[in-house]
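> Fold the following for me, if possible:
(chains A, B, C and D)
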Number of protein chains: 2
Amino acid sequence: MTKIDDVARLAGVSTATVSRALRGLPTVSAATRRRVLAAAEQLQYAVSPSASRLAGGRTGTVAVVVPRITRWFFGVVVEAVEDFIHHAGYDLLLHNLGGREQNRQRLLRAANLHKRVDAIMLVATPLRAADLTTLAALDLPGVTISSGTTVPGWPCVRIDDVAAAKTATRHLLGLGHRRIAHISGDPDDELAFTAHLDRRRGYQEALRDAGLRPDPSLDVESQFDIAGGTRATEELLRRGDPPTAIFAACDEMAMGALTALRDAGLRVPQDVSVIGIDDHALSGVLGLSTIAQPAEEQGRLAAKMLLDPLGGQTGEPGMIAAGSPVILPTRLVVRESTAPARAN
Amino acid sequence: MTKIDDVARLAGVSTATVSRALRGLPTVSAATRRRVLAAAEQLQYAVSPSASRLAGGRTGTVAVVVPRITRWFFGVVVEAVEDFIHHAGYDLLLHNLGGREQNRQRLLRAANLHKRVDAIMLVATPLRAADLTTLAALDLPGVTISSGTTVPGWPCVRIDDVAAAKTATRHLLGLGHRRIAHISGDPDDELAFTAHLDRRRGYQEALRDAGLRPDPSLDVESQFDIAGGTRATEELLRRGDPPTAIFAACDEMAMGALTALRDAGLRVPQDVSVIGIDDHALSGVLGLSTIAQPAEEQGRLAAKMLLDPLGGQTGEPGMIAAGSPVILPTRLVVRESTAPARAN
DNA sequence: CTGAAAGCGCTTACAG
DNA sequence: CTGAAAGCGCTTACAG
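Below is the predicted model of the structure:
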């Protein structure tokens, strides 16, 4: 493999100059730079990342942590982030926690991030006090996506989960529904995605604003995915006196609800209305009403906030403004799964 | 940050011994190892990956390349692979091509993999002759998933796409359908996932086996996703004399077909039967008949074939058996989207 | 089983 | 604008 010395020799300059020229530092004359680039090209030279990292102290790598890449929101976020990160000249180290607490702990043992990355993005990853200590000790820039994941000094990009849930619930109220159920994430779940707590709060507040008292028997906790939505809905139906509408904390749970309702012989929306949050790629196919949230934009914006201050491949490390979270807007999308409550 | 010298001093041994003890090499006495581990623990020592890589020549990192992480198959594969890779003590560098040829080219410029990883996994990534040369020059172990991605000397894990398509088509034939349309990927698409060519072949062979001649007007190419399925189906309906059944090359296209049919006022399966390939997480919700393929298992198996020969974190680099591809079984799953053709 | 020393291939002050 | 030299923090023969 050709190394920097070979290029230096061919170009007739020192290795220091090769290093500067190849990285585009300004302190190289145009003529020299040209010769170096030509030599590097001719020899098919590629810098050794390990050597460069060891000498330079920067890894050119960003860690991205998500709970489950197979869920709609996280897949879309990672796709947007990946694009931004690679265009900025960085590599992306992926950590998918797979919904397992054990993986979260392994990752957050300092050694697994220590000196491996220049920056960290945490997407909907619950953090305990000990984790915050570990992250602080790492002393790296970072950014988080989703409420419930907050690291002092790191900016955060998210939606207003309370408001989104309120909008969903009010949509159902506006259609005349009064027995509105809510299905959401289980706080006992390992690695619970905590945004659902805000969503429940929005649901309850909307009910109260309408003069209704939240009914615990209409509030079911389950996993934050399709199967969880199915199980929660089955449980709801088992309790008797079924709701006329269901607000699910995410579209995947709402889809599970659709399945359970169909299997129970109930029609959507004639017998039961259903709404979720996300605007999942398949929500249109299913005719699911939802509160759309901009997943791609959250990913892109968070990546930008993380990398811009780092100054790209060759720039100087910088500072990230922490401040208050950046809240992106959500939007009610009415499809076929919600309809007026039947008069009775 | 504490370094190996600090540990060596505290433990009263040389850095060489610390290095050996920490990596679990056998040539260290139990007593010494204990002292070293205690010292490392006490100092919260974490090895510097860059230094270790530069000195040792191994990166402890695997590159995983997928076309689009947001599609069902690739998300599931990455989740399975990520789990295996991290448990084996490696890091995962993610490359999502985002369906763009330009990204593929950037990745395959030698510099972007050169000395960055110990091994490569290519999932459904089309390769040209020049790419094969680049990969060969990298001289790294690798593995591929999906037909259409073949690298000399690398093992491949996949399903039998021809057989899967035949099974799907025969299912429709068995229900009495004769006008069976096919919607599949567009070969002109950048970064086309080439498995669809095999799937078309299976479709055509099944028709011929049944004594039917494939009708070009019933064979539409589009993008390999939901929107592509919708567009292809709209095109099909525009041609007049609609098919009584549609075999889509993947479930996401089949879901797009469901949308288009519904919007055209056609009922599934009463007017048109639909079947796909995958068994997508939402196929059950939609009642979509399909040919299930084991995505998770393909990922896990490929990861295992890639890493086992590398001997884990501390073992010796090894050889991968190339040989013939490992073909995993598929299975017909009949749901509500396919039904007998109406007599007429 | 252990250590001294060289070396991995770069980047970075420092000097000019 | 450019170069000589030190140094980044490990691992690996080699010797004992």
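> from what I can see A:Arg335 touches A:Val285, true?
No - when contacts are counted by CB atoms under 8 Å, A:Arg335 is not listed as touching A:Val285 (10.0 Å). C-beta coordinates here come from the backbone N, C-alpha and C atoms, glycine included.
> Comparing the two, which shows the higher neighbour count?
A:Val285 (25 against 17; other CB atoms under 10 Å in any protein chain shown).
> And the pLDDT for that one?
The model reports A:Val285 with a pLDDT of 90.
> what helix or strand is it on?
helix A:283-286 (DSSP states H and E).
> Check whether that helix comes near chain B.
Yes - Helix A:283-286 is in contact with chain B by CB under 8 Å from any CB of the partner chain, via A:284-286.
> Wait, A:Ile144 touches A:Val151, no?
Small correction: residue A:144 is Thr, not Ile. Yes - under the criterion of CB under 8 Å, A:Thr144 makes contact with A:Val151 at 5.9 Å.
> Can you check which residues contact both of the two?
A:Leu122 (CB atoms under 8 Å, 6 or more residues apart in numbering or on different chains).
> and these two? which has more neighbours close in?
Neighbours were counted for A:Thr144 and for A:Val151 using other CB under 10 Å; A:Thr144 has more, 25 against 19.
> Okay, the more buried one and A:Ala292: tell me how far apart.
Per CB to CB, to the nearest Å, A:Thr144 is found 21 Å from A:Ala292.
> List the contacts of the closest residue to A:Thr330 other than its chain neighbours.
In space, and not counting its chain neighbours, A:Thr330 is closest to A:Ala164: 4.5 Å by CB to CB, 6 or more residues apart in numbering or on different chains. A:Ala164 is in contact with A:199, A:202, A:277, A:291, A:293, A:330, counting by CB under 8 Å, 6+ apart.
> Assumed A:Ala164 was part of a strand.
No - A:Ala164: not assigned to a strand; according to DSSP: H, G, I helix; E, B strand; the rest coil it is helix.
> For the residue nearest to A:Leu266 when sequence neighbours are not counted, what are phi and psi?
Closest residue in space to A:Leu266, ignoring its immediate chain neighbours: A:Val272 at 5.4 Å, by CB to CB, 6+ apart. Backbone torsions for A:Val272, taken as degrees, to the nearest 10, come to phi -140, psi 130.
> which residues touch the host helix or strand of A:Ala227?
Assigned by DSSP H and E, A:Ala227 belongs to helix A:226-238. Contacts of helix A:226-238 with the rest of the structure, by CB under 8 Å, 6+ apart, involve A:181, A:183, A:185-186, A:218, A:220-223, A:242-243, A:246, A:248, A:252-257, A:259-261, A:264, A:266, B:281-282, B:285.
> now, which of those residues lie within strands?
A:181, A:183, A:185, A:220-222, A:246, A:248 (DSSP state E).
> List the ones among the contacts of A:Ala164 that fall in helices.
Counting by DSSP state H, the contacts of A:Ala164 place A:199, A:202 in helices.
> okay, the contacts of A:Ala164 in TSV with neighbour count next?
What follows is those, written out as TSV (neighbours: other CB atoms under 10 Å in any protein chain shown):
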residue	neighbour count
A:Arg199	28
A:Gly202	26
A:Ile277	28
A:Ile291	28
A:Gln293	24
A:Thr330	22
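> Which strand residues bridge the most centrally placed residue in chain A?
In chain A, the centroid-proximal residue (CA atoms, centre = their mean) is A:Val123; its distance is 4.0 Å. Counting by DSSP bridges, A:Val123 is bridged to A:Ile145.
> Once you drop chain neighbours, what's closest to A:Asp241?
Per CB to CB, 6+ apart, closest to A:Asp241 is A:Arg179, 7.5 Å.
> these two touch, right, that neighbour and A:Phe247?
No - if you go by CB under 8 Å, A:Arg179 and A:Phe247 don't touch, sitting 11.6 Å apart.
> Comparing the two, which residue is more hemmed in?
Each of A:Arg179 and A:Phe247 has its neighbours counted (other CB under 10 Å); A:Phe247 has more, 33 against 16.
> So that one is in contact with A:Leu172, correct?
Yes - the pair A:Phe247 / A:Leu172 is scored as a contact, 6.3 Å apart, by CB under 8 Å.
> Need the residues touching each of those two.
Taking CB under 8 Å, 6+ apart as the contact rule, A:Phe247 and A:Leu172 both touch A:180, A:275.
> from the middle of its chain, how far away would the strand or helix carrying A:Val7 be?
If you go by DSSP H and E, A:Val7 is part of helix A:4-11. Mean C-alpha position of helix A:4-11 versus that of the full chain (CA atoms, centre = their mean, to the nearest Å) differs by 44 Å.
> Next to DNA strand C, which bits of the stretch 1-150 of chain A? Give me the list.
A:1, A:3-5, A:15-16, A:18-20, A:22-23, A:45, A:47-48, A:51-52, A:54-57 (CB under 7 Å from any atom of the strand).
> Apply 6 Å and report the result again.
Those residues of the stretch 1-150 of chain A that sit near DNA strand C, judged by CB under 6 Å from any atom of the strand, are A:3-4, A:15-16, A:19-20, A:23, A:47-48, A:51-52, A:54-56.
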